[in-house]
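Colleague: got a predicted structure plus its sequence, pasted below:
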Amino acid sequence: MTISTGKDLTSDSSACVKNIHKASQPGNRSKRNRSRSKRRQIFCPMHGCQMDSVSPKHSIFGDRVEHLQQAGFDRGLANILMDQHTTISIPGEWLEKFWCMECDQAQWYRVKRYHRPDGSGAAQYFVELAAQELWQRVAGVHDPTGNPSVSEFTRKQAKAKGMVRDFKFIM
């Protein structure tokens with residue numbers, strides 16, 4: 001069974017090709033690119049240059065009322081949340097490792113995201129070096145200074161390649 005539309009298929013296919021050609025022209029492409037999300041504007045606190053992320057985001061958790069108050073919760077809500085849960089993920093705050101080209105090194109930073117009150121424009125970010133006490137409140141990250149309960153001997157042996165070096169066997 002054949003259905004006739006009354007249109008010439010060859011003219012439709014050429015029109016389709018023309019539309020594809022028009023869509024790929026530079027003027028139309030730039031309109032599409034403007035609607036895409038932009039790169040996060042996170043700048044080095046020392047030099048002011050834009051930094052590149054070299055790790056995933058690691059959420060910060062609060063396990064005391066003081067942690068939630070520092071994050072902007074009022075005392076009453078913080079007390080209610082702590083009564084209901086043992087830990088609360090703090091929204092808009094995380095630890096992330098960034099590479100700064102001026103410093104020529106990667107460091108861990110605490111990032112806080114702020115949205116503009118009127119809801120327009122991109123989010124703003126506040127960046128500071130990660131404090132030592134934050135590592136106890138983050139899931140999925142190893143403390144960069146190492147586990148304090150591990151001895152210096154064990155730490156050196158873990159870094160050694162091959163056999164255990166500091167033992168002398170007597171035969």
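Modeller: Structure received. Numbers count the residues shown, from 1 in each chain.
Colleague: quick check: closest non-adjacent residue to the residue nearest to the spatial centre of the chain.
Modeller: By C-alpha atoms, centre = their mean, the chain has its centre lying nearest to K57, at 3.3 Å. Computed as C-beta to C-beta, 6 or more residues apart in numbering, the closest residue to K57 that is not its neighbour in sequence is W94, at 4.3 Å. Any C-beta I mention is one placed from the backbone N, CA and C, and that applies to glycine too.
Colleague: ok, the residue nearest to the centre of the chain - contacts?
Modeller: By C-beta atoms under 8 Å, 6 or more residues apart in numbering, the contact list for K57 reads 94-96, 111.
Colleague: give the buried residues for the helix or strand encompassing L77.
Modeller: With elements taken from DSSP states H and E, the one containing L77 is helix 75-84. Of all the residues in helix 75-84, those buried under the rule 16 or more other C-beta atoms under 10 Å are 78, 82.
Colleague: what helices or strands is the very next helix or strand once past it leaning on?
Modeller: Counting by DSSP H and E, the next helix or strand C-terminal to helix 75-84 is strand 88-100. For strand 88-100, the elements it packs on are strand 52-53, strand 58-62, helix 65-70, strand 105-114, judged by 3 or more C-beta pairs under 8 Å, 6 or more residues apart in numbering; DSSP states H and E.
Colleague: strand 88-100: partners in the sheet, and parallel or antiparallel?
Modeller: For strand 88-100, the pairing partners within the sheet under DSSP bridges are strand 52-53 (antiparallel), strand 58-62 (antiparallel), strand 105-114 (antiparallel).
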